[in-house]
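*Asks:* Give me the fold of what follows.
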Amino acid sequence: MLNTPVEILRQNQLKNTKQRVRVLEEIASDSAAISQPELEKKLGKEIDRVTLYRILNIYEDKGILHRIIDINGTANYAICSSACTAHHHHDEHVHFNCTNCSKIYCLAVSVPPINIPSGFKTEAMNFIAYGICDKCSSK
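*Replies:* Numbering: from 1, shown residues only. I've put the predicted structure just below:
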């Protein structure tokens, strides 16, 4: 993570609460994206489900996190690039979803430009590659 959780909250004019800091710390602690159910397990009784849901939504709205839907239809979250804002996400990169361990990784691979037909307006793009991650393939 480029900035500390407290700096990220301050930059986005969000109140610095223990729960908000913990969510950012937990998401940033792994190289893979994490789902809300996984976060609930890791945070235990520190944060209830509704508060966690609200925090994730605020972070996504502010451009702090981006959401990736995995092979099972579950939303996973990863830290956004510093270029993302509340008005536009700039996370047009490839995601890799391991079919063995189900983890999702943000890859430093750009999605090629896509020509959208006239009259269509792109609001988000998501490119996911499926396969076996390096950790699973080395087992």
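*Asks:* lowest confidence element among the helices and strands of this protein?
*Replies:* Least confident helix or strand of the chain, by mean pLDDT, DSSP states H and E, is strand 104-110 with a mean of 87.
*Asks:* in that one, what counts as buried?
*Replies:* Neighbour-count burial for strand 104-110 flags 104-106 (criterion: 16 or more other Cβ atoms under 10 Å). In this view, the C-beta of every residue, glycine as well, is placed from N, C-alpha and C.
*Asks:* Now do stretch 101-120: distance from first to last residue.
*Replies:* End-to-end distance for stretch 101-120: 36 Å, by Cα to Cα, to the nearest Å.
*Asks:* coming back round to it: now the helix or strand that the least confident helix or strand of the chain is followed by, how far from the centre of its chain.
*Replies:* Downstream of strand 104-110, the next assigned helix or strand under DSSP states H and E is strand 127-131. The chain centroid and the centroid of strand 127-131 are separated by 15 Å under Cα atoms, centre = their mean, to the nearest Å.
*Asks:* Check stretch 109-121 too.
*Replies:* Counting by Cα atoms, centre = their mean, stretch 109-121 comes out at 22 Å from the chain centroid.
*Asks:* mind listing what's buried in that stretch?
*Replies:* Applying 16+ other Cβ under 10 Å to stretch 109-121 flags no residue as buried.
*Asks:* Just the angle for the least confident helix or strand of the chain relative to strand 127-131, thanks.
*Replies:* Taking axes from the mean of the first three to the mean of the last three Cα atoms, to 10 degrees, strand 104-110 and strand 127-131 form an angle of 120 degrees between their directions.
*Asks:* Nice, that's everything, thank you.
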